[in-house]
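*Asks:* Below are the sequence and a predicted model for it; my questions follow.
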Amino acid sequence: MGSGGVARERGGARRRMADAVLFEFLHTEMVAELWAPDPDPGSGGKKKSLSVLEGLGFRVGQALGERLPRETLAVREELDALKFLCKDLWAATFQKHMDGLRTNHQGTYVLQDNNFPLLITMGSGSQYLEEAPKFLAFTCGLLCGALHTLGFQSLVTASVTSLPACKFQVVIQKS
Amino acid sequence: MSRPAHKRPEYHKINKDLFVLTYGALVAQLCKDYEKDEDVNRYLDKMGYGIGTRLVEDFLARSCVRRCHSYSEIIDIIAQVAFKMYLGITPSVVCHNSSRNEFSLILDKNPLAEFVEELPAGRSALCYCNLLCGVIRGALEMVHLAADVTFLQDRLKGDSVTEIGITFLKKLDEKKYRRKK
């Protein structure tokens, strides 16, 4: 299982550009509002909220995928698509590259970000771990939507072991 | 500040698009969740308020603005520094009254609505950018200024410009701080 050749981001604190900050603030507010427990107990609140955020991310991921430079869209191989996510999409969205990419060469990929911007504001204590999945849902959708634009169906999940590092697991669906 | 190995110029534009696209997806979702335009508007304002209360800290950290002595100075800073910094535009400022507490920001370009040509069908009362009103109101409240902030004109509704009206209310006493509404 080789690691992809993805550039490593140096340095801890990274000064965010002002206009990048707007997206982060909006994202935090969306998590706070769209995650709110469903007042109607019968409709399965938690899962529903996850898919709302994922769905939003999916739409945005599709739109972003369409806007990225033309030459990157001529992606045919699965691995190229994943590298595209790790480099181009991540740089455009979060001003950094993914820190690691692993694969079993059978359609499953694990993308590792050691310093994920949307988790940084959460603080690094383990007491926030429970909240972390809410902050990854949108981005899971984003990855899925971008892959969809490239012609790949996928299932994307995320996990956090220690803030602000997280992993995205991408399983390419064979049609 | 360290940058990725190959920072191509398109990335910066795409990053700006990220906020605008996310906002558009959010508005579309709210239109699905709420039938009435007023409810969507209110929700956007509420979310904007939450953002504004936190954004003001970020703004103050980045901009080193000096203490203001009048509402006009504050409005000028909102228009010329804050809007420029976060949205890349500089709205023009109009003052409506001699007591100088009623102002408008005139936007002839609205980045939030960049990909929106017209309001969705059946949504004629939707204030698409109502988040902005909440942001301004929330930010002002965090510096102990109460204000009413609403859209007076909206290009998306057929007006020639987009106009945000800001009316400063009685200045909140710092010691007896009471939440508006």
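*Replies:* Sure thing, it's come through.

*Asks:* and the helix or strand of chain B with the lowest mean pLDDT, which residues are buried?
*Replies:* Ranked by mean pLDDT, DSSP states H and E, the weakest helix or strand in chain B is helix B:9-33, scoring a mean of 85. Across helix B:9-33, burial judged by 16 or more other CB atoms under 10 Å in any protein chain shown covers B:11, B:14-27, B:29-31. In this view, the C-beta of every residue, glycine as well, is placed from N, C-alpha and C.

*Asks:* Report whether the helix or strand bottoming out on mean pLDDT in chain A contacts chain B.
*Replies:* Across the helices and strands of chain A, mean pLDDT, DSSP H and E gives its lowest value to helix A:45-67, namely a mean of 78. Yes: Helix A:45-67 lies within reach of chain B by CB under 8 Å from any CB of the partner chain, at A:Val52, A:Gly55, A:Leu56, A:Arg59, A:Val60, A:Ala63, A:Leu64, A:Arg67.

*Asks:* Can you name every helix or strand that that helix contacts?
*Replies:* For helix A:45-67, the packing partners by 3 or more CB pairs under 8 Å, 6 or more residues apart in numbering or on different chains; DSSP states H and E come out as helix A:18-34, helix A:137-149, helix B:9-33.

*Asks:* can you redo those helices as a markdown table with distance to B:Ala139?
*Replies:* Listed next are the helices and strands packed on helix A:45-67 as a markdown table, based on distance: least, CB to CB, whole Å:
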| stretch | distance to B:Ala139 |
| --- | --- |
| helix A:18-34 | 11 |
| helix A:137-149 | 24 |
| helix B:9-33 | 17 |
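
*Asks:* out of the ones you listed, which comes closest to B:Cys68?
*Replies:* Nearest to B:Cys68 among the helices and strands packed on helix A:45-67 is helix A:18-34; the distance by CB to CB comes to 20.1 Å.

*Asks:* and chain A, which residues reach chain B?
*Replies:* So chain A meets chain B at A:7, A:9-11, A:14-15, A:17-23, A:25-30, A:32-34, A:52, A:55-56, A:59-60, A:63-64, A:67-69, A:91-93, A:95-97 (CB under 8 Å from any CB).

*Asks:* quick one on the thing from earlier: pull out the buried positions in the least confident helix or strand of chain A.
*Replies:* Buried residues in helix A:45-67, counted by 16+ other CB under 10 Å: A:49-50, A:52-65.

*Asks:* Could you do stretch A:146-153 as well?
*Replies:* Within stretch A:146-153, the residues scored as buried using 16+ other CB under 10 Å are A:Ala146, A:Leu147, A:Thr149, A:Leu150, A:Phe152.
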